[in-house]
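Peer 1: here is a sequence with its predicted model. Questions after.
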Amino acid sequence: KQWYHRRVRGFMCVSLWRALAMEFHDIDPYGPDFAVGVLDAFTEVRPRLWWDIIKEIILTPCTLYTVARELDTKSTGIMVSLVSAVSLLTSVILLIASFVVDVTGLLALALVFYLFFVCLVAATRVAVRLQRSINGNPVEDFFVCLFAYPIASVQMAETIFGHGTVPLMPSAPLIMSSHDTDQNTRV
């Protein structure tokens, strides 16, 4: 019971800190925000948004890659995308296997892989927040990604690309040739 009170006090302290920071104008309460709200899919009739959320259930690793490329983290974008795809797929396979096969621990292992996937999505969301100076904190990002990672993925895509649709393949080549790097250094 003691741990519960510590968590509640922790969230209360963060809430109080944000309220005071807004009061003393350290944080602009009307500052930049994500292009799509977390609850927009439930409060507005927007079929394209609903379709994008359904698509992101499967395509979130692709979105992480394209967002990471736009954030200038090209080298880590491929790794984050591959690791997130593997961890999401592994968590789904282990979740299904935990109901089919009578092996203890599969559900816990599926949860571990899902939490790892959520941490990768939340880290990308934090990077978007930092680059676009969007109000919030990593705890909020983690919980949004934990309970609604497709919505968080659509939020990142809408904020970075402005139109909600994320290209499956980037416009720039994945590996630059020596000719491309010579042209870039001359500019």
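Peer 2: Structure received.

Peer 1: how many neighbouring residues does P47 have?
Peer 2: 7 (other Cβ atoms under 10 Å). (C-beta placed from N, C-alpha, C; glycine too.)

Peer 1: tell me how far the helix or strand hosting F117 is from the chain's mean position?
Peer 2: Assigned by DSSP states H and E, F117 belongs to helix 106-132. From the chain centre to the centre of helix 106-132 is a distance of 7 Å (Cα atoms, centre = their mean, to the nearest Å).

Peer 1: after it, which helix or strand is next?
Peer 2: helix 138-161.

Peer 1: just give the nearest non-adjacent residue to I53, would you?
Peer 2: P150 (4.7 Å; Cβ to Cβ, 6 or more residues apart in numbering).

Peer 1: check the gap between T63 and G77 for me.
Peer 2: The spacing between T63 and G77, counted by Cβ to Cβ, to the nearest Å, is 11 Å.

Peer 1: picking that back up, so what does the helix holding F117 touch, helix or strand wise?
Peer 2: helix 47-70, helix 74-100, helix 138-161 (3 or more Cβ pairs under 8 Å, 6 or more residues apart in numbering; DSSP states H and E).

Peer 1: winner for burial among these?
Peer 2: Ranked by mean neighbour count under mean count of other Cβ atoms under 10 Å, the helices and strands packed on helix 106-132 are led by helix 138-161, which reaches a mean of 21.

Peer 1: give me the helices and strands touching it, please.
Peer 2: So helix 138-161, by 3+ Cβ pairs under 8 Å, 6+ apart, packs with helix 47-70, helix 106-132.

Peer 1: could I get the ones you listed as TSV with mean pLDDT?
Peer 2: Rendered in TSV, the data for the helices and strands packed on helix 138-161 read as follows (pLDDT from 0 to 100):
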stretch	mean pLDDT
helix 47-70	91
helix 106-132	93
